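Next one to model:
(4 chains)
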Amino acid sequence: MSACTRDEWMTVAAARLLKNRDVCFVGIGLPSAACNLARLTHAPQIVLIYESGTIGTRPDVMPLSIGDGELAQTAACVVPLPEIFSYYLQAGRVDIGFLGAAQIDRHGNLNSTVIGPYERPSTRLPGAGGAPEIAQHARQVFVMLRASKRSFVERLAFRSSAGYLDGHGARARSGAAGGGPRAVITDFGMLAPHPESEELQLVALFEGATVEEARAAIGWPLQLADRIDTIAPPSAHELDTLRALHARTREAHARPVRIPLQNG
Amino acid sequence: MSACTRDEWMTVAAARLLKNRDVCFVGIGLPSAACNLARLTHAPQIVLIYESGTIGTRPDVMPLSIGDGELAQTAACVVPLPEIFSYYLQAGRVDIGFLGAAQIDRHGNLNSTVIGPYERPSTRLPGAGGAPEIAQHARQVFVMLRASKRSFVERLAFRSSAGYLDGHGARARSGAAGGGPRAVITDFGMLAPHPESEELQLVALFEGATVEEARAAIGWPLQLADRIDTIAPPSAHELDTLRALHARTREAHARPVRIPLQNG
Amino acid sequence: MSVILPLADAIERFITDGASVALEGFTHLIPFAAGHEIIRQRRRELHLIRMTPDLIYDQLIGMGCARKLTFSWGGNPGVGSLHRLRDAVENHWPRALELDEHSHAGMAAAFCAGAARLPFGVLRGYLDTDLPAHNPNIRRVACPFTGEVLAAVPALNPDVTILHAQRADRAGNVAIEGILGATREAALAATTLIVTVEEIVDALPPAMNGIVLPHWVVTAVAHCPGGAYPSYAQGHYARDNAFYKQWDEIARDRSRFLAWMHRHVLATGDHRAFLASLPQEAA
Amino acid sequence: MSVILPLADAIERFITDGASVALEGFTHLIPFAAGHEIIRQRRRELHLIRMTPDLIYDQLIGMGCARKLTFSWGGNPGVGSLHRLRDAVENHWPRALELDEHSHAGMAAAFCAGAARLPFGVLRGYLDTDLPAHNPNIRRVACPFTGEVLAAVPALNPDVTILHAQRADRAGNVAIEGILGATREAALAATTLIVTVEEIVDALPPAMNGIVLPHWVVTAVAHCPGGAYPSYAQGHYARDNAFYKQWDEIARDRSRFLAWMHRHVLATGDHRAFLASLPQEAA
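Numbers count the residues shown, from 1 in each chain, chains lettered A, B, ... in the order given. Okay, here's the model as predicted:
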């Protein structure tokens, strides 16, 4: 554990959830790193879709934005954004959607809109973006979110995207096509919904992390699964691959961009 | 008149109605010849759209079908067909729509679907194709149709696309965005709607054609406009250009196509 | 990743009697080889879907494969009638044919809705025409903001869509160039997607904003050079306009039609043999 | 045929106080030069429309140009907040900002409806979220075939859409390559379409199935090299990710923001001068 950061471990744990034939709708940040790590290790044929319209992209360095040129250059094709959301996501062609958020509740509902009242928020967050429909349509959703009592909360200020609503089958009754959040990857390990109540419970810990640490970071009384798995630390290959990806990315993003000042 | 056929004269008369900046939704046959003749004579910047998805096409020879490769090769771009109908035609971006039909009535309504009852027709025609929405949305519609009492009829067997309905402003009240059939070009000259009744009346004759000839070819009591214009015969330049276009087309269509029998 | 397999196997495996099947391609890239294989395998009770039935559906209908036709324009482009379609509708020969008739704009909206997995498509269309009176699949919907009433059509989601394209790679990614019609929407609307291709290549040409059907939406790819003939494949071979004109004569007469189909389709084992059976440079 | 004219003239002529304006481009081809020119000309009361407001709307909002914002994700991609947008919403500085907030899917459907001149767009979306409770522009519509209830959004039809693109020809045909976002739909939905371009060329590269906005849908073209910087133009220059990171610091503080805007936008006469005012190879 000393050898790697919690972010690295979260990324590796998320990458391991992905299979070789999965079609993933990728968000920026940790999910992008996880998806590309999976592609560069055990899942070379994984299909990555970014909401900017790039399908089957294979970036050598990670994008800072959701639409860097690298994504277009390495994509099988680039389509207008409305098609990504209607012909691919809404059509049920996405296996895995990755979501982050500012807040998550015990049923995996997410807030990325506001803290405080909508009309006069104390903190205005970026907003929902693709999340409401990713949460609705992807066959499975994986959430990546660093743990704290401010982020794992008893009650959301605003529901930007739906998890299991109030649990106990409420989501299925609502008519959502996708399966909802199957895993929440966080600093200490992983939560997953209880099969009946659909409340997020602790199912796995990173090696070296403890139940007490997990409970201390969660804003509701965290339930434990019948069996708590231990997530093996990143292998040397995983870590080397991830760090090389990050190093390439840092180098690329630090490379000065020539300001396009021409003889115009 | 001896120098040219009625089809040629119809084509030339239709071409003369087109202006240099018009955006035309082109059908196959006489309309395609008329539009390309206009482009090759007085309207070099006319924009031709074929429903197959080719925008701004400049074919050297006329297509037999609505989607010959020549149209794609000479187009500014080729888009999926749904976009042609939604983003261009329905969006009101088409100035002129050309329509043919099996039957037309006195208010410019058209039938290209069936003769006889729909469920068991005596003659099953090809059907409406793009016509209902071209008739609804194009700013103006021009109809090209050879005259006979079987084609210019008192009552349509089936209304495939709307002209002026029962006239007297019925079309405007229906909410159709486009202006309806402004001209019907036929063997002896041209009909156009009366400003109030919207009944098609004789407004122009080809030089040498007569009112009697027109009346004999029309299946309802044909009214005459206050003034009947005479349509000048095709000029040498018009006729040479049209015949050269037809000759190139005939030659191209007669060129044997090598059956694509490869070492497969 | 899609499967690459012989066309006969793809038809055998994926087209069942009674299926709804869309062979799309607007004048360009019409999948004739696949249609002929359906005839050879004597499929029956099909619900055929296609904006412009063209010669291939004239053949399928004339050979008795179809129970129903969803379409928007049923002629021989630039030539005239589809005589086998007419005979089925006018005289129920060789059997009656149920029609689900649309305009191009309506059918395009239905394919788009199907591709997006929406239950219906909306358009400003069919206004003051007799089509809605004869097709219960053309209804109305009110805008929840303005109250305006628009036309609605149910989504088209064929059991199987079959396309012809220029190229696929070995993973089954398919690249299409040229006139598209509603091919992409019909492909994405289908449960099963079969594509016949001129070439299977190691790597597709760079696409960027070009038209690619990614391998995971493609069920099966079959290598079938000339598979669109007498339609055409941009960059490979031209439309055989002369054949389209000749078809008018062949299809006008039932017995001449049947003789032609027996000689060139039923008696040939595959598309290569079909092409070889035609008078070279004369068709 | 569209008019080719200087950017300042295009903004002067076509952007009026109070207009609804969409500067589109998804990360790629964001029309920064046009946005700066709107700020220089001190337009007010604008209804800004854009899926991802990005830095250019942070600047317009911070300079007091906007009355209302229609959007679906308002952050600095990969970096964090748009501090000027936050300050306007949280503290009404420099003025209050009305929000018309959507999801990406909802806003895409609204642009598509706008491009097709339909009054509303339909999607399966917003299910069990709090957005409809706070936005009366998110309603429901029932399928006239199945009875299923779906989400509906009103069409977006901006008074003016502004895009940046790689190339136009002298007739005003515009070719775009690379990531598109909702640019094409925003362009076709607008009453007036202005496009700034890297190059004006005699003939566009062959397009076939590429993205071309034909000249008769384009109102005006302005030649503006580097017009997307610090966003990017595929094939011309890369996104300046370092600048996006620096912006977080610049925009966090009101006075530093104002000083930067005065120095680099208000005090520069045009986009060339803006680019020249930046620390070369360091921004």
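
drop to CA atoms for contacts and neighbour counts, all remaining ones
Will do.

At which residues are the helices of chain C located?
C:7-14, C:32-40, C:54-62, C:83-91, C:104-115, C:131-134, C:183-189, C:241-252, C:254-261, C:271-277 (DSSP state H).

out of the ones you listed, nearest to D:Glu185?
Proximity to D:Glu185, assessed across the helices of chain C by Cα to Cα, is greatest for helix C:104-115 (15.5 Å).

Could you list the low-confidence segments of chain A?
Within chain A, the stretches with pLDDT under 70 are A:1-2, A:262-264.

Output the longest helix anywhere in it as CSV, restricted to C-alpha atoms.
Taking DSSP H as the assignment, the helix of chain A that covers the most residues is helix A:236-254. The C-alpha trace of helix A:236-254 is given here as CSV (Å, rounded to 0.1, in the frame of the first residue of the first chain):
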residue,chain,number,x,y,z
ALA,A,236,3.8,-4.3,-10.7
HIS,A,237,2.4,-4.6,-14.2
GLU,A,238,-0.7,-2.7,-13.4
LEU,A,239,1.1,0.0,-11.5
ASP,A,240,3.9,0.3,-14.2
THR,A,241,1.3,0.6,-16.9
LEU,A,242,-0.8,3.2,-15.1
ARG,A,243,2.2,5.3,-14.1
ALA,A,244,3.6,5.2,-17.6
LEU,A,245,0.2,6.3,-18.9
HIS,A,246,0.2,9.2,-16.4
ALA,A,247,3.8,10.1,-17.2
ARG,A,248,3.0,10.2,-20.9
THR,A,249,-0.1,12.3,-20.1
ARG,A,250,1.8,14.7,-17.9
GLU,A,251,4.5,15.1,-20.5
ALA,A,252,2.0,15.7,-23.2
HIS,A,253,0.0,18.2,-21.2
ALA,A,254,3.1,20.1,-20.1
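
which of the residues in that helix are buried?
A:Glu238, A:Leu239, A:Thr241, A:Leu242, A:Leu245, A:Thr249, A:Ala252, A:His253 (16 or more other Cα atoms under 10 Å in any protein chain shown).

Show me what that helix is packed against.
helix A:6-16, helix A:30-40, helix D:241-252 (3 or more Cα pairs under 8 Å, 6 or more residues apart in numbering or on different chains; DSSP states H and E).

where's the longest one relative to the chain centroid, distance-wise?
Mean C-alpha position of helix D:241-252 versus that of the full chain (Cα atoms, centre = their mean, to the nearest Å) differs by 19 Å.

What are the boundaries of the helices in the stretch 1-150 of chain A?
In the stretch 1-150 of chain A, the segments counted as helices under DSSP state H, counting those that start in this stretch are A:6-16, A:30-40, A:69-73, A:81-83, A:131-137.

what's in contact with the second one?
Yep, that's helix A:30-40 we're talking about. Applying Cα atoms under 8 Å, 6 or more residues apart in numbering or on different chains, the external contacts of helix A:30-40 come out as A:7, A:11-12, A:14-16, A:18, A:20, A:24, A:26, A:44-46, A:48, A:58-59, A:62, A:98-99, A:144, A:238, A:241-242, A:245.

relative orientation of it and helix A:6-16 in degrees?
Comparing the axes of helix A:30-40 and helix A:6-16 via axes from the mean of the first three to the mean of the last three Cα atoms, to 10 degrees yields an angle of 50 degrees.

how far out from the middle of the chain is helix A:30-40?
Chain-centre distance of helix A:30-40: 10 Å, with Cα atoms, centre = their mean.

before we move on, what about the shortest one?
The chain centroid and the centroid of helix A:81-83 are separated by 21 Å, computed with Cα atoms, centre = their mean.

Could you export the helices of chain C as TSV, including mean pLDDT?
Formatted as TSV, these follow (pLDDT from 0 to 100):
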stretch	mean pLDDT
helix C:7-14	98
helix C:32-40	98
helix C:54-62	98
helix C:83-91	98
helix C:104-115	98
helix C:131-134	98
helix C:183-189	98
helix C:241-252	95
helix C:254-261	98
helix C:271-277	96
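
Take those and lay them out in CSV including mean neighbour count and distance to chain D.
CSV is the format used below for these (neighbours: other Cα atoms under 10 Å in any protein chain shown; distance: least, Cα to the nearest Cα, whole Å):
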stretch, mean neighbour count, distance to chain D
helix C:7-14, 16, 28
helix C:32-40, 23, 23
helix C:54-62, 24, 24
helix C:83-91, 23, 27
helix C:104-115, 28, 10
helix C:131-134, 16, 14
helix C:183-189, 27, 12
helix C:241-252, 18, 22
helix C:254-261, 16, 36
helix C:271-277, 18, 29
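
With adjacent residues omitted, what lies nearest to residue 65?
No chain specified, so I'll use chain A. Nearest residue to A:Ser65 in three dimensions, chain neighbours excluded: D:Pro77, at 4.8 Å (Cα to Cα, 6 or more residues apart in numbering or on different chains).

To clarify, I was referring to chain C.
Nearest non-adjacent residue to C:Cys65, counting by Cα to Cα, 6+ apart: C:Arg44, 4.3 Å away.

The one you found contacts C:Gly18, doesn't it?
Yes - between C:Arg44 and C:Gly18 there is a contact at 6.4 Å, judged by Cα atoms under 8 Å.

More neighbours: those two, which one.
C:Arg44 (20 against 17; other Cα atoms under 10 Å in any protein chain shown).

What residues does that one make contact with?
For C:Arg44, counting by Cα under 8 Å, 6+ apart, the contacting residues are C:Asp17, C:Gly18, C:Gly64, C:Cys65, C:Ala66, C:Arg67.

Also C:Leu131?
Listed by Cα under 8 Å, 6+ apart, the contact partners of C:Leu131 are B:Arg159, B:Ser160, C:Glu101, C:His102, C:Ile138.

how about the strands in chain A?
Counting by DSSP state E, chain A has strands at residues A:23-26, A:47-50, A:54-55, A:77-78, A:96-99, A:103-104, A:110-111, A:114-115, A:123-124, A:140-144, A:181-185, A:189-193, A:200-206, A:223-231.

among those, which is nearest chain C?
Closest approach to chain C among those is made by strand A:77-78 (4.8 Å; Cα to the nearest Cα).

and the gap between the closest residue in space to A:Glu154 that isn't next to it in sequence and chain B?
Among residues not flanking A:Glu154 along the chain, A:Trp220 sits closest, at 5.3 Å (Cα to Cα, 6+ apart). Here the criterion is Cα to the nearest Cα, to the nearest Å. By it, A:Trp220 lies 51 Å from chain B.

hang on, A:Trp220 packs against A:Phe152?
Yes - using Cα under 8 Å, A:Trp220 makes contact with A:Phe152 at a distance of 7.4 Å.

out of those two, which sits in the busier spot?
Comparing A:Trp220 with A:Phe152 by other Cα under 10 Å, the one with more neighbours is A:Phe152, at 22 against 15.

Tell me who's in contact with the more buried one.
For A:Phe152, counting by Cα under 8 Å, 6+ apart, the contacting residues are A:Gln103, A:Ile104, A:Asp105, A:Arg106, A:Ala217, A:Ile218, A:Gly219, A:Trp220.

and residue 194, what does it touch?
Just so you know, I chose chain A. For A:His194, counting by Cα under 8 Å, 6+ apart, the contacting residues are A:Leu200, A:Gln201, A:Ala225.

should've been chain C
Contacts of C:Ile194 by Cα under 8 Å, 6+ apart are C:Ala10, C:Val160, C:Thr161, C:Ile162, C:Leu163, C:Val218, C:Thr219, C:Ala220, C:Val221, C:Ala222.

Quick check: the two most widely separated of those residues?
Across those, no pair lies farther apart than C:Val160 and C:Ala222, at 14.6 Å, counting by Cα to Cα.

what sits up against stretch C:273-283?
For stretch C:273-283, the external contacting residues (Cα under 8 Å, 6+ apart) are B:Pro256, B:Val257, B:Arg258, B:Ile259, B:Pro260, B:Leu261, C:Asp240, C:Ala242, C:Phe243, C:His264, C:Val265, C:Thr268.
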